[in-house]
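K.L.:
Take this sequence and fold it.
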Amino acid sequence: MIEIYTDGACSGNPGPGGYSVILKSGDHYKEITEGYRLTTNNRMELMAVCRGLEAIKALNQEVMVYSDSKYVIDSVEKKWVFGWVKKGFEGKKNKDLWLRFLAVYKNQNVKFTWVKGHNGHIENERCDELAVLACKITPPAVDVVFENEKNKSKLY
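P.N.:
Coordinates of the predicted model:
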């Protein structure tokens, strides 16, 4: 079983954001984190799950994702995202990340567990700490899709 712990953070929403991932399997432990200059909290929560799943090299692994994001967990567990795909994501945000998620999700046997945030869960607290620090990384990465969509909406 591979355990993935994730968190996303945003200073303002939208604003500078970051995500973090902890991967654990047997004796293996890895942390992944990255910051963005302008994004949203939900994008960072979803990006964390994407990056965690993308870090798994072998296919068809048993994976448990621990997240405090109801947005991500409910969208998958309640199968909303699969309906969004059928409707071309009409009226839905984060299409790019959902498609990225689905591309790696299909390669693994993924289950989700919701973790209450800021409640003393060791890995969730560590992910929160790293995600918040990632918001302050200089120079931050650019969330190109989000910034392009934000700029495009200003034109209309």
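
K.L.:
which residues sit against the helix or strand where Ala103 lies?
P.N.:
Using DSSP states H and E, Ala103 sits in helix 95-105. Applying Cβ atoms under 8 Å, 6 or more residues apart in numbering, the external contacts of helix 95-105 come out as 43, 46-47, 49-50, 53-54, 56, 75-76, 81, 84-85, 89, 92, 145. (C-beta placed from N, C-alpha, C; glycine too.)

K.L.:
again with stretch 132-144
P.N.:
If you take Cβ under 8 Å, 6+ apart as the criterion, stretch 132-144 is touched by 9-11, 15-20, 33-39, 43.

K.L.:
to the chain's geometric centre, what's the distance from stretch 28-40?
P.N.:
Distance, stretch centre to chain centre, for stretch 28-40: 9 Å (Cα atoms, centre = their mean, to the nearest Å).

K.L.:
Give me the buried positions along it.
P.N.:
Ile32, Thr33, Glu34, Gly35, Tyr36, Arg37, Leu38, Thr39, Thr40 (16 or more other Cβ atoms under 10 Å).
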